[in-house]
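Participant: The sequence isn't on hand, but the structure is:
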């Protein structure tokens, strides 16, 4: 059976999916037709009223409540952990988070990064959405006063002369004591249960293979990465792919429920 799959080109996704997309593991008869999109495009594609939606997709945890009638979260494939949150950065070293007039660049209005800004800094309401990889340039040129960096951007902001205002992951952990849920893999609820279950099992097997043979995925990861520096790629994978990616577990599910203020059992595949 062939399934449509939509993921981001970021190293954590390509690292996890490499083995199942490139013939390194048994996919139990499933084939995948993959497209790569920015996270905000992925989120929008799940909630679109028209058009063909993917069978399996990467999404921000923040968008789950809006699409929970159409998609369920898989327990494998999450970007969730500690010390891996989005960073709020500014172009001016004297900038402060109590300045309500700041123009904030965010990587999409439906991203977990934006949801965290709403929770942690609700007074910073002048926000504009940009492609995540453009935000360091936008802030560096002064088109916005500050920006929220995700993916590779959080590792290289100093290259652009930017200054750290807040680590949103640290703020979340300080407030909740829980790991931070960022990204999730979702499956169309119209898929037969056995097919969704097989896809989840294959993904878990793919991630386990990547952990056991990390060098095998590097060509595929580099082919799609925004930043080609191997140190940045390695840091990205180590930050966002971990034991929670294999299985979100009870603590991870509790963190999702806390972030979204709704029971996690209603969101995950039964």
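Facilitator: That came in fine, so what should we check first? All values derive from a computational prediction rather than experimental measurement. Numbering: from 1, shown residues only.

Participant: helix, strand or coil for the residue in the chain sticking out farthest from the centre?
Facilitator: Within the chain, the residue lying farthest from the chain centre (Cα atoms, centre = their mean) is residue 94, at 29.9 Å. Per DSSP: H, G, I helix; E, B strand; the rest coil, the local secondary structure of residue 94 is coil.

Participant: now swap in residue 128 and tell me
Facilitator: At residue 128 the chain is in strand, as set by three-state DSSP.

Participant: ok, residues contacting stretch 241-253?
Facilitator: Outside stretch 241-253, the residues that touch it by Cβ atoms under 8 Å, 6 or more residues apart in numbering are 12, 15-16, 75-81, 178-179, 181, 204, 207-208, 210-211, 256, 264-265, 268. To be clear about C-beta, it is placed using only N, CA and C from the backbone, and glycine gets the same treatment.

Participant: Stretch 208-226 now?
Facilitator: Residues outside stretch 208-226 that contact it (Cβ under 8 Å, 6+ apart): 9-11, 14-16, 18-19, 21-22, 24-25, 36, 133, 151-152, 228, 230, 233, 237, 241, 246.

Participant: Next, the buried residues of that stretch.
Facilitator: Neighbour-count burial for stretch 208-226, counted by 16 or more other Cβ atoms under 10 Å, picks out 208-211, 214, 216-218, 220-221, 225-226.

Participant: And stretch 182-193, by the same measure?
Facilitator: Neighbour-count burial for stretch 182-193 [16+ other Cβ under 10 Å]: 182-188, 191.

Participant: Could you work out the end-to-end span of that stretch for me?
Facilitator: Length of stretch 182-193, first residue to last, Cα to Cα, to the nearest Å: 25 Å.

Participant: could you pull out the helices for this protein?
Facilitator: Using DSSP state H, the helices found in the chain span residues 11-21, 39-47, 64-67, 112-120, 135-140, 153-156, 168-176, 193-212, 218-224, 230-240, 243-246, 249-260.

Participant: For the third one, buried residues please.
Facilitator: Going by neighbour count (16+ other Cβ under 10 Å), the buried part of helix 64-67 is 64, 67.

Participant: Pull the number of nearby residues for the residue lying closest to residue 269 once chain neighbours are set aside.
Facilitator: Among residues not flanking residue 269 along the chain, residue 72 sits closest, at 4.5 Å (Cβ to Cβ, 6 or more residues apart in numbering). Look at residue 72: counted by other Cβ atoms under 10 Å, it has 21 neighbours.

Participant: what sits up against the lowest-mean-pLDDT helix or strand in the chain?
Facilitator: Lowest mean confidence among the helices and strands of the chain (mean pLDDT, DSSP states H and E): helix 153-156, at a mean of 78. The contact list for helix 153-156 (Cβ under 8 Å, 6+ apart) reads 86-87, 132-133, 135-136, 227, 232, 235-236.

Participant: again, 6 Å this time
Facilitator: 87, 136, 232, 235 (Cβ atoms under 6 Å, 6 or more residues apart in numbering).

Participant: right, and the pair among those residues with maximum separation?
Facilitator: The span of these, defined through Cβ to Cβ, is set by 136 and 235 at 16.1 Å.

Participant: Once you drop chain neighbours, what's closest to the residue minimising distance to the centre of the chain?
Facilitator: For the chain, residue 183 is the residue whose C-alpha lies nearest the centre (Cα atoms, centre = their mean; 3.3 Å). Leaving aside its sequence neighbours, residue 183 sits nearest to residue 79 (Cβ to Cβ, 6+ apart; 3.9 Å).

Participant: hmm, back to that, please dump the buried residues of stretch 182-193 into CSV; it should also carry pLDDT and distance to residue 127 for every row.
Facilitator: Listed next are the buried residues of stretch 182-193 as CSV, based on pLDDT from 0 to 100; distance: Cβ to Cβ, whole Å:
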residue, pLDDT, distance to residue 127
182, 92, 18
183, 95, 20
184, 97, 22
185, 98, 27
186, 98, 25
187, 98, 30
188, 96, 30
191, 97, 35
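
Participant: Just to be careful, could you list which of these are in strands?
Facilitator: If you go by DSSP state E, the buried residues of stretch 182-193 have 182-188 in strands.
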